[in-house]
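# Show me how the following folds:
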Amino acid sequence: MNKIRLRLLASLAVDQAVSTGDVRREITFCKKTGVKILGIVENMSGFVCPHCSECSSVFSKGGGEELAKLTGSVFLGSVPLDPLLTASIEEGRDFLQAFPESATYSSLRAIAESVLTCLQD
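Have a look, this model is predicted:
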């Protein structure tokens, strides 16, 4: 009989106590049940201005890295709120091909490469 190996990529939405607590409980549950944690992604880690492309911190930042250290998980990276990404998704366009020079692209690519590396192990 083949065994199915479950893996989880935990995403920390807004870096606030409630969100961090939810993800910490998910990780604890997964460890108890033998589900491998691929890593933690901090979502909404800033806001990319649609006019100048500067990323500003709207919410607190760093909770993803802190939670990764606390739980012994890999921190895969952070993804800011980016209006170009939102518009691409809503319009069905490929963000990665449309905006390869954006900071959000770099973040997503680095996270994807880390996930692929984890999956190969």
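# okay, CA-based contacts and neighbour counts for the rest of this
OK.
# Point to the helix or strand of the chain where mean pLDDT is at its lowest.
One helix or strand of the chain scores below all others by mean pLDDT, DSSP states H and E: strand 7-12, with a mean of 58.
# Report the buried residues of the helix or strand following that strand.
Per DSSP states H and E, the first helix or strand lying C-terminal to strand 7-12 is helix 17-33. By neighbour count on 16 or more other C-alpha atoms under 10 Å, the buried set for helix 17-33 is 20, 23, 24, 27, 30.
# can you list these in TSV and add distance to residue 64?
Listed next are these as TSV, based on distance: C-alpha to C-alpha, whole Å:
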residue	distance to residue 64
20	8
23	10
24	10
27	13
30	17
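# and the closest residue to residue 75 other than its chain neighbours, what are its bridge partners?
Using C-alpha to C-alpha, 6 or more residues apart in numbering and skipping residues adjacent in sequence, the residue nearest residue 75 is residue 40, 5.0 Å away. Taking DSSP bridges as the rule, residue 40 bridges to residue 10, residue 75.
# okay, now residue 40: neighbour count?
24 (other C-alpha atoms under 10 Å).
# Also residue 52?
That count, for residue 52 with other C-alpha under 10 Å as the rule, works out to 7.
# three-state assignment of it?
coil (DSSP: H, G, I helix; E, B strand; the rest coil).
# And it, how far from residue 74?
Counting by C-alpha to C-alpha, to the nearest Å, the separation of residue 52 from residue 74 is 32 Å.
# Point to the residue nearest the middle of the chain.
What sits nearest the mean C-alpha location of the chain, by C-alpha atoms, centre = their mean, is residue 41, with 2.4 Å.
# That one is in contact with residue 80, isn't it?
No. Contact criterion C-alpha atoms under 8 Å: residue 41 and residue 80 do not qualify, at 10.7 Å.
# how about the nearest residue to residue 106, chain neighbours excluded?
Residue 106's closest residue in space is residue 100 (C-alpha to C-alpha, 6+ apart), at 7.7 Å.
# now that neighbour, what's its secondary structure?
Secondary structure, three-state DSSP: residue 100 is coil.
# Could you report the pLDDT at it?
pLDDT for residue 100: 89.
# And for it, the neighbour number?
Neighbours of residue 100 under the rule other C-alpha under 10 Å: 12.
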